[in-house]
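> no sequence for this one, just the structure:
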Ligand SMILES: [Zn+2]
């Protein structure tokens, strides 16, 4: 809109008060172009705007936790190796050379740890594959598993907002290696209750394979079903372990609630099926080795840091650009239009849209950490110590969590509705650079341990 409006029309700056100004495009009343800019004279607004940028940044160790959740190890490689050994045995028993194609992945799902069928045709098909479809053979062994990560638990565990985690998952999907494939959210947990008692639960386990697998898994974990009429399980995990999509499995489980009589009329079966825990839903491989996991982690970290740097530099660019065409007081531009400044601002906006010139780095003079005087620093350190003393026992604290509270940035574990009342600390060090506060808080926490 800005690009459409400003061309061929004079720009005028209109001060509302000392801290906010609007830029208006004359003759464009219906689409009044308003840019709220930080006042150059106060600088407090810059801190306010920077809060929104720092709110989206995620620590390295949190990213590591997320990567571990997104790429849990699977058994595809083991299955593949077993399969290769079996093929080798077949080959050697026939007096062959013993060499077998290596990069073949006919068996992929966790549950398919045995193969069946005609060995000869399988071998032939695989030889054919290795010769003619080298690109396919180069693909990873694991084809990816359908996974569901409950949103609420993940958000609280990582202390990152829901949309923040979605963004990170999108970064992984958009990477040239396409580390995962995002799908629409699903309910991850399934709860089955049988009014007919334990016997009915056993009966539906016989009728419905996914329930049978869930019961078998629970028994493996030491649970007994002699006196229970209900079971909870992660339906997406169970479906994936069976090599099925979760959609049809859910439909089948839902059907357990109804019985059909001979005339095709439905009646209640006495089984209650409930799905809960809305979850991130994606398909990701489970055979990433340590180096690949490191690459994924480094990529995410670099991407998040780059985003923060870009947004900060854009904000500084906007501030500097508007500063360069601002008058000190509103009355200086209240009557006449300053054509010189008008043209200058136009050329800055033009360069922004056409050349994307924002100045990619932040100058040293812009860094607020250089503006911390000894008094501010000692107050900051004292507050960090007091904060740790008051809340260190009941909350898991880290440098970023403390810096967020000191800057008034809400997060899932430290929401504004609760922590905003702690006026002693909330937004108490907004004038000190966020990353500087975080660095000092981390150092102090390490010292206090
Ligand atoms: Zn796998």
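Alright, I've got the coordinates. Quick caveat: nothing in here was measured; it's all calculated off a predicted structure.
> gap between the longest helix that the chain contains and the chain center?
Of all the elements of type helix in the chain, the one with the most residues (DSSP state H) is helix 290-324. Relative to its chain's centre, helix 290-324 lies at 16 Å (Cα atoms, centre = their mean, to the nearest Å).
> For that helix, buried residues please.
Residues of helix 290-324 classed as buried under the neighbour-count rule (16 or more other Cβ atoms under 10 Å) are 296-297, 299-300, 303-304, 308, 311-313, 315-319, 321-322. C-beta coordinates here come from the backbone N, C-alpha and C atoms, glycine included.
> Same question for stretch 372-387.
Taking 16+ other Cβ under 10 Å as the neighbour-count basis, stretch 372-387 is seen to contain the buried residues 372, 380, 383-384, 387.
> ok, residues contacting that stretch?
By Cβ atoms under 8 Å, 6 or more residues apart in numbering, the surrounding residues in contact with stretch 372-387 are 397, 402, 405-406, 425, 428-429, 431-433, 436-437, 440-441, 444-445, 448.
> filter the residues you listed to the buried ones?
By the neighbour-count criterion of 16+ other Cβ under 10 Å, the contacts of stretch 372-387 include these buried positions: 397, 402, 405-406, 425, 428-429, 432-433, 436-437, 440-441, 444-445.
> which residues sit in contact with residue 160?
Applying Cβ under 8 Å, 6+ apart, the residues contacting residue 160 are 58, 62, 66, 168, 411-412.
> List phi and psi for it.
Main-chain dihedrals, residue 160, degrees, to the nearest 10: phi -130, psi 140.
> Any figure for the gap between it and residue 334?
Distance check for residue 160 against residue 334: by Cβ to Cβ, to the nearest Å, it reads 47 Å.
> Nearest residue to the middle of this structure?
Residue closest to the mean C-alpha point of the chain, counted by Cα atoms, centre = their mean, is residue 165 at 2.0 Å.
> returning to that earlier point: which among the contacts of residue 160 gets closest to the ion?
Proximity of the contacts of residue 160 to the ion (Cβ to the ion) peaks at residue 66, which lies at 19.0 Å.
> okay, now the closest one: neighbour count?
A total of 24 residues lie near residue 66 under the criterion other Cβ atoms under 10 Å.
> wait, doesn't it sit right on residue 155?
No - taking Cβ atoms under 8 Å as the definition, residue 66 is not a contact partner of residue 155, at 11.1 Å.
> what is in contact with those two at once?
With Cβ under 8 Å, 6+ apart, residue 66 and residue 155 have common neighbours residue 165.
> Would you mind listing what in this structure touches the ion?
Within the chain, the residues that sit near the ion (Cβ under 5 Å from the ion) are 74, 76, 142, 286.
> Can you name the two of these that sit furthest apart?
With distances taken as Cβ to Cβ, the most widely separated pair in the residues of the chain next to the ion is 76 and 286, at 6.6 Å.
> between these two, who's got more neighbours?
When residue 76 and residue 286 are compared for neighbours, residue 76 comes out ahead with 23 against 20, by other Cβ under 10 Å.
> Might one say that that one is in contact with residue 144?
No - counting by Cβ under 8 Å, residue 76 sits too far from residue 144 to count as a contact (9.4 Å).
> between these two, what contacts are shared?
Counting by Cβ under 8 Å, 6+ apart, residue 76 and residue 144 have no common neighbour.
> where along the stretch 251-400 of the chain do the strands fall?
With strands called from DSSP state E, counting those that start in this stretch, the stretch 251-400 of the chain shows them at 258-260, 266-268, 271-284.
> What strands line up against the second one, and which way round?
Take DSSP bridges as the rule and strand 266-268 pairs in its sheet with strand 258-260 (antiparallel).
> Can you name the residues in contact with the partner strand?
Contacts of strand 258-260 with the rest of the structure, by Cβ under 8 Å, 6+ apart, involve 266-269.
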